[in-house]
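Trainee: what shape does this take:
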Amino acid sequence: FAWLGQWQLARAVDTAPREEGATEQVMPIAEVAVPGEYLTDPLIGQRVEVSGTFVPSDFIVVASRYNGGVEGYWVTAHLRAVDPDASLAVAVGWAASRDEADAAAEALSQSTDANEVVTLTGRIVADEGPVPPPKSDPWEITRMSPAALLSRWQDIGDTDVYRQFVVADDPMGGLADIDSPAPDAGSAVNWLNIFYAAEWVIFAGFAFYLWYRLAKDAWEKELEELADAEAVDA
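Mentor: Numbering: from 1, shown residues only. Below you'll find the predicted structure:
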């Protein structure tokens, strides 16, 4: 219990936090994320650079996207990254209306060259997680989830898929920029881990008390047996 409490406490304090503004330094995506794996907290929101080719058939609109407090739509793309070879969901722009977003997605599908290698920068963001679609439109996607988009992509191939998505710095297809502020620095202290460390102390106290009660009961039983034996001898 003492070792586990110490182990939990050691992870409650970040002794080497990232420098302020580190997320704004553009890094190759291969140094930040691994296809199929979750992203660690310090790297969520990191600006990255990635190269690849867009899949023309896989421009999809995602609803319930806010820009400056205004609800609208994102147009998302399927980028086949080249280093490493993996599929990546990219948000390429925002539109205020569904008609505008659908028109932009259709235009991008028609104008995109599947063989043209592009390099883009943007902020890598954790998967929001899929949710059931609204009953009014079973095809509508309301969460930015690579898992949900993957089910709609027409050209998947045999590549791996990133669990995260990237919000592109430069919009495409005449769409508006997507608000993507730098993440908060947060605290160097993880209070949840401190709470867990305190729990191990409580568990240790309970274990000690349990041992004390068992030892005391055993000792009292031995004394009773000894007293009974002396009474018989007398």
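Trainee: immediately after the strand or helix carrying residue 72, which helix or strand?
Mentor: When elements are assigned from DSSP states H and E, residue 72 belongs to strand 70-82. Sequence order places strand 85-95 as the next helix or strand after strand 70-82, per DSSP H and E.
Trainee: state the mean pLDDT of that following strand.
Mentor: Strand 85-95 shows a mean pLDDT of 96.
Trainee: what's the angle from the very next helix or strand once past that strand to strand 70-82?
Mentor: Per DSSP H and E, the first helix or strand lying C-terminal to strand 85-95 is helix 98-111. Counting by axes from the mean of the first three to the mean of the last three C-alpha atoms, to 10 degrees, helix 98-111 lies at 20 degrees to strand 70-82.
Trainee: just want the angle from helix 98-111 to strand 85-95.
Mentor: Counting by the same axes, to 10 degrees, helix 98-111 points 140 degrees away from the direction of strand 85-95.
Trainee: which elements pack onto helix 98-111?
Mentor: Helices and strands touching helix 98-111, by 3 or more C-beta pairs under 8 Å, 6 or more residues apart in numbering; DSSP states H and E, are strand 60-67, strand 70-82, strand 85-95. C-betas here are computed from N, CA, C, even on glycine.
Trainee: just give me the longest helix of this structure.
Mentor: Ranked by residue count and defined by DSSP state H, the top helix of the chain is helix 191-233.
Trainee: show me what it is packed against.
Mentor: With contacts taken as 3+ C-beta pairs under 8 Å, 6+ apart, helix 191-233 sits against helix 2-10.
Trainee: flag every buried residue along the helix it packs on.
Mentor: Of all the residues in helix 2-10, those buried under the rule 16 or more other C-beta atoms under 10 Å are 5, 8, 9.
Trainee: much appreciated, bye for now.
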